[in-house]
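A.B. asks: got a predicted structure here, sequence first:
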Amino acid sequence: MIFRMDVIMTTNYKDKLIISKRLILIVVLILTQYQQTIGQQRTENPMSQYFHNQSLLNPGFTGTDGNKIQAFQNRSWVGFDGAPVLTVLTGEFNFGKNAAIGGHIFSDKSGIVYRTTGLLNYSYRIKFKNEHELRLGIGFSVTSERLDLDMLEPGASVDPLIAANINGKPAYDGNFGMLYNAKQLSIWSSFFRISENLSNKSNLGNADLLMMKSGIYYHINQDKVDQIQFKPLAMISLYKDFAPVFDFGTQIIVNKYVNAMFVYQTIGNVRAGAGLTLGDICEANIFYNSNNRQANMNAQQFEFGLTFKLSKN
């Protein structure tokens, strides 16, 4: 009887241990999916998108500021282990009379998730009279994810649930954008992750996936270098199942060498930044996001960016 009781107790202990490990793995996967959703939102929230890297807003902007290379890093939850860090490298180049091509590489580390995204943009310009033009842009993206195994217990990666996540196939999708320029006025709309947003798949957190952005710019004193220039912005972002977010702000440019921006979002965020042009080639910028309320983005953010202008438009 003693032997049988020992066997039963040992068996129950093993069963409980297996169940506990399964529960831990499920929790890890849920957290992983949450981090992936946050990662998706982060790649659409860099602050340099407003005035310095507008091809992130809309592929139709590709090439509008000439040939250039840009790099920036966005950090959230500063001071916490595993805090999100997004690093982006961008290049835009005009070719022919009316075409431009651009590429973005996103490297996003968020908790236990590494996410890498490559985005290729192409834009074509249709000229009209009186300096009016229409730009059409398309983007093709490929995204892959992997886990930081150092944050998992030994042997966890061999579990089928974990292995399926680590060995997931790359995801492909596309963007489309339209931009109309009429001298000082720019009106634009862009559609993101078209395939995913049109599908009926129900993934965790997909309610916050960005579907569309539209906006309008007006450049005051655009051709007057000796005067202070202003570039007011109004923008709306639409999500799959979340209230629209509006952005209102402006950029201020002084003598082409100093710039500053201020943007207010209707979810309560205040975003601000400043930049300095070094010579005629390099521009350095720094941005800050207060995140008074948390919605569709991470908490307090800092962003640092560099732009190398290779030629004028």
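C.D. replies: Received, thanks.
A.B. asks: now do the contacts for V85.
C.D. replies: Contacts here follow CB atoms under 8 Å, 6 or more residues apart in numbering; on that basis V85 touches Q73, N74, R75, D108, K109, S110. Glycine gets a C-beta too; all of them are placed from N, C-alpha and C.
A.B. asks: just G137 next, same as before
C.D. replies: Here G137 is in contact with 55, 58-62, 121-124, 175-179, 190 (criterion: CB under 8 Å, 6+ apart).
A.B. asks: of the residues you listed, which is the nearest to F287?
C.D. replies: Nearest to F287 among those: S55, at 17.1 Å, using CB to CB.
A.B. asks: which parts of the chain are helices?
C.D. replies: With helices called from DSSP state H, the chain shows them at 2-42, 160-166, 194-198.
A.B. asks: quick one: mean pLDDT over the second one.
C.D. replies: Averaging pLDDT along helix 160-166 gives 59.
A.B. asks: for V263, give its distance to G60.
C.D. replies: Distance from V263 to G60, counting by CB to CB, to the nearest Å: 21 Å.
A.B. asks: which of these two has more neighbours?
C.D. replies: G60 (32 against 21; other CB atoms under 10 Å).
A.B. asks: so that one makes contact with S123?
C.D. replies: Yes. When contacts are counted by CB atoms under 8 Å, G60 is listed as touching S123 (5.3 Å).
A.B. asks: and N67, what pLDDT?
C.D. replies: pLDDT at N67 comes out at 95.
A.B. asks: mind listing what it touches?
C.D. replies: E92, F93, N94, K309, L310, S311.
A.B. asks: do Q70 as well
C.D. replies: S48, H52, N53, V88, L89, T90, G91, G305, L306, T307, F308.
A.B. asks: gap between the residue nearest to the third one when sequence neighbours are not counted and G279?
C.D. replies: Meaning N53. The shortest distance from N53 to any non-neighbouring residue, by CB to CB, 6 or more residues apart in numbering, is to Q70 (5.5 Å). Counting by CB to CB, the gap from Q70 to G279 is 16 Å.
A.B. asks: for S190, same thing?
C.D. replies: On the measure of CB to CB, S190 and G279 end up 32 Å apart.
A.B. asks: now N53, what are its backbone angles?
C.D. replies: Main-chain torsions, N53, degrees, to the nearest 10: phi -140, psi 70.
A.B. asks: give me the pLDDT for it.
C.D. replies: 93.
A.B. asks: that one touches P46, doesn't it?
C.D. replies: Yes. Contact criterion CB under 8 Å: N53 and P46 qualify, at 7.1 Å.
A.B. asks: any weak-confidence spans in the chain?
C.D. replies: Across the chain, the ranges flagged by pLDDT under 70 are 1-44, 78-79, 81, 148-168, 200-208, 292-299, 312-313.
A.B. asks: so which residues of it form strands?
C.D. replies: Secondary structure of the chain by DSSP state E: the strands cover 68-76, 85-95, 99-110, 113-127, 132-147, 171-182, 185-191, 210-218, 229-239, 245-254, 258-265, 270-278, 282-289, 301-309.
A.B. asks: who are the packing partners of the third one?
C.D. replies: I take that to be strand 99-110. helix 2-42, strand 85-95, strand 113-127 (3 or more CB pairs under 8 Å, 6 or more residues apart in numbering; DSSP states H and E).
A.B. asks: orientation of the last one relative to strand 85-95 in degrees?
C.D. replies: Following axes from the mean of the first three to the mean of the last three CA atoms, to 10 degrees, one obtains 30 degrees for the angle between strand 113-127 and strand 85-95.
A.B. asks: before we move on, back to that, what subset of the contacts of V85 is buried?
C.D. replies: Among the contacts of V85, the ones that count as buried by 16 or more other CB atoms under 10 Å are N74, R75, D108, K109, S110.
A.B. asks: quick check, nearest of those residues to I220?
C.D. replies: N74 (28.7 Å).
A.B. asks: so that closest one touches Q301, yeah?
C.D. replies: Yes. Taking CB under 8 Å as the definition, N74 is a contact partner of Q301 at 6.0 Å.
A.B. asks: between those two, what contacts are shared?
C.D. replies: N45, M47.
A.B. asks: returning to that earlier point: for the strands of the chain, which one sits closest to N197?
C.D. replies: Using CB to CB, the nearest of the strands of the chain to N197 is strand 210-218, at 5.0 Å.
A.B. asks: what's that closest one in contact with?
C.D. replies: 40-41, 44, 57-58, 184-193, 197, 231-240, 247, 296.
A.B. asks: could you dump the buried ones among the contacts of V85 to JSON lines with distance to S214?
C.D. replies: Converted to JSON lines, those look like this (distance: CB to CB, whole Å):
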{"residue": "N74", "distance to S214": "23"}
{"residue": "R75", "distance to S214": "28"}
{"residue": "D108", "distance to S214": "25"}
{"residue": "K109", "distance to S214": "31"}
{"residue": "S110", "distance to S214": "28"}
